[in-house]
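Asks: build me a model:
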Amino acid sequence: MVEFLQAVPQGEAVRLVMSGPVAKRLRSLLAVFPDSLGDKKNAAVRAELSGAVGRILAGWSGAPEVILSPQDVRDWLDVLSRAKSTGRRWLRFGGLEEPDVQWLRAAHDQLSAASRGVRRPAVCARWPEASVL
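Replies: Prediction:
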C-alpha cells in the first residue's frame, strides 16, 4: 500500500493532505510526544511543546486533510522540529519506529516548504500491509 503526505500553500494558509493511515499515526505520535521527552531539566520547553501539541490536536480531528493558519503552521513546525531532532532517542526508548521518524521528517519538510510558498511533490512510500502506517 502506498501512503502519502503533502503540504500545499494556499495564500497565507497551508493545506496538509495525507492518506488516512498516515493521519492516524501522525495524530497518535503527536498525542504522546511531549510525554516522551521525559527531560525534567527542560520543563519550560516541554510545557511550550505541550501547549503547541494541545493546540494542534484541538484544531485537527485527525482527518486526512486540514487547513492550517500561519499560527497553526508555526505550532506544527515547532513540534515536528523537536520530534525530528529527538526521534533517534525516542526510537531507543520505545514508542517510535523507523518509519515514524521518516514521516515526521517528511511532514516537517513539507510544511516548511509550503509555509514559504513552495509546493513540493507529495512524499509517497510503500509500506508492508502489516505496517501501522
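
Asks: need the longest strand for the chain.
Replies: Assignment by DSSP state E gives strand 2-10 as the longest strand of the chain.

Asks: now do the buried residues in the helix or strand following that strand.
Replies: Where DSSP states H and E defines the elements, the next helix or strand beyond strand 2-10 is strand 13-18. Residues 13-14, 16-18 are the ones in strand 13-18 that count as buried (16 or more other Cβ atoms under 10 Å). The C-beta positions use only the backbone N, C-alpha and C, and glycine is treated the same way.

Asks: the longest helix seen in the chain to strand 13-18, inter-axis angle?
Replies: Secondary structure assigned by DSSP state H gives helix 70-92 as the longest helix of the chain. Angle of helix 70-92 versus strand 13-18, following axes from the mean of the first three to the mean of the last three Cα atoms, to 10 degrees, is 40 degrees.

Asks: and the longest strand of the chain, which strands flank it?
Replies: strand 13-18 (antiparallel), strand 123-126 (antiparallel) (DSSP bridges).

Asks: noted, bye for now.
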